[in-house]
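K.L.:
The sequence isn't on hand, but the structure is:
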């Protein structure tokens, strides 16, 4: 599909996220966290792969902190070349600024490889068929191409959901999308 259409959607969503009131964002993040914690895929998992929220993305901290309190392994991504590698963290102190200002695990963190861990996936827009529009780097699509057995769980705010978004053959669909 047309690259400019994808870029138009990306720009629109980034503007809407910037305009989001902090109180609304907090309520929505609480709702998303509660829903995630009750998913069978999360309840059964020993380890959960989760992105570190950035620039007003649907928040992941409450969710990750809840998992850590339950004694679960939380692994966050680090960009290595064109791939994502996941590392266990025990809290915010295990993170440092990485590529594009996104927080990543420090070198002291343990690398994790669990090809069936549920993955909490970031994105700018999603459609009702589970298609995802990310930031354009293809990192998660490559991860799911190499490791297809991960449950793919996207989280988003309602304004990020469209009837249809442009897709390409390499784009991987989400198994579910959680909204407040």
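P.N.:
Sure, I can see it. Please read all numbers here as calculations on a predicted model, not as lab measurements. Residues are numbered from 1 along each chain as shown.

K.L.:
ok, the nearest residue to residue 62 once chain neighbours are set aside - contacts?
P.N.:
Among residues not flanking residue 62 along the chain, residue 33 sits closest, at 4.3 Å (Cβ to Cβ, 6 or more residues apart in numbering). Yep, even glycine has a C-beta here, placed from its N, CA and C like the rest. Shown in contact with residue 33 (Cβ atoms under 8 Å, 6 or more residues apart in numbering): 59, 62, 63, 66.

K.L.:
mind showing which ranges of the chain have poor pLDDT?
P.N.:
Within the chain, the segments meeting pLDDT under 70 span 1-3.

K.L.:
ranges for the strands of it?
P.N.:
47-50, 73-80, 83-89, 95-97, 103-105, 111-112, 119-121, 125-127, 132-133, 152-155, 161-162, 176-178 (DSSP state E).

K.L.:
Which of those strands sits closest to residue 9?
P.N.:
Comparing the strands of the chain against residue 9 with Cβ to Cβ, the closest turns out to be strand 125-127 (5.0 Å).

K.L.:
Now do residue 48 against residue 106, distance only.
P.N.:
Taking Cβ to Cβ, to the nearest Å as the measure, residue 48 falls 19 Å from residue 106.
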